[in-house]
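Student: pasting the sequence and the predicted coordinates here, then a few questions.
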Amino acid sequence: MPSPLLSACILEVTASIEEILARLMDRLNSGLIEVAVVRTPLPAESYQCHFLEEEPMMAVGKPEFFPDPAAASISVASLASCPLIVYRRWEPFISHCFPGSAPDYLCINDDARTSMTWAQCGAGISLVPASMANSGSPDLLKIPLSDKGVISRIALIARKHGMVSRVSREFFQFFPEYFAQNKKKTSVLYHSSALQIENSFCVIFAEVNDTVH
């Protein structure tokens with residue numbers, strides 16, 4: 001049973017990494033939450049940020065959609081004629097990878113989980129972070145994108161001078177140290193379900209809770 005301090009911390013900190021960034025930013029900027037775990041791209045210059053390791057982006061879909069299903073990696077440009085499903089925040093970066101104008105995307109959505117659902121239903125090829133790709137079923141083909149700079153990172157962010165509670169400040173300081181010392185636990189962020197990710201952060205909350213007593 002979590003202590004009152006730990007419960008308060010869980011309310012203040014969101015560990016739902018795939019939640020829509022704009023919604024998290026609104027909560028953060030309004031002071032409803034003090035820190036958030038998000039994915040890049042984000043306006044990093046406006047926040048205090050702790051970044052984890054880079055994560056590759058992947059093309060995910062049924063094998064019949066791919067021009068070369070046996071490829072070890074694939075460029076975005078080679079997928080120009082394919083039905084592409086794109087996460088809205090990544091659209092400018094993906095579109096920049098085409099030599100001319102970007103093709104008409106099959107779907108542009110606000111949540112990487114939606115992209116994976118479309119791929120799982122056999123609608124087309126989704127371009128998502130590797131951790132989301134790994135959540136797909138075995139019948140989906142998952143090929144890393146070879147384009148330079150098309151990567152994602154998970155970050156813990158807070159408003160500059162916006163952390164009021166002591167437990168949030170302790171958590172923010174503890175975050176990079178925890179993952180530096182626990183590389184195996186860091187991999188949870190890239191290979192596990194959302195529930196396991198949230199459980200991983202609850203472990204951190206518990207350890208922070210111990211340090212502030």
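Tutor: Perfect, thanks for sending it. Numbering: from 1, shown residues only.

Student: tell me how many other residues surround residue 34.
Tutor: When neighbours are defined as other CB atoms under 10 Å, residue 34 has 21 of them. The way it works is simple: take the backbone N, C-alpha and C, and place the C-beta from them, glycine included.

Student: wait, it sits on residue 157?
Tutor: No: contact criterion CB atoms under 8 Å: residue 34 and residue 157 do not qualify, at 10.2 Å.

Student: what is in contact with those two at once?
Tutor: residue 28 (CB atoms under 8 Å, 6 or more residues apart in numbering).

Student: check the spacing between the residue positioned nearest the centre of the chain and residue 98 real quick.
Tutor: The structure's the chain has its C-alpha centroid closest to residue 39; by CA atoms, centre = their mean the separation is 4.0 Å. Distance of residue 39 to residue 98, given as CB to CB, to the nearest Å: 22 Å.

Student: same check on residue 128?
Tutor: 18 Å.

Student: in terms of neighbours, single out the busier of the two.
Tutor: residue 128 (28 against 14).

Student: tell me if I'm right that the more buried one and residue 109 touch.
Tutor: No: counting by CB under 8 Å, residue 128 stays clear of residue 109, with 10.7 Å between them.

Student: now do the helices in the protein.
Tutor: 4-12, 21-30, 91-95, 112-120, 130-133, 166-181, 183-186, 188-191, 194-211 (DSSP state H).

Student: tell me how far the second one lies from the chain's centre.
Tutor: For helix 21-30, the distance between its averaged C-alpha position and the chain's averaged C-alpha position is 16 Å (CA atoms, centre = their mean, to the nearest Å).
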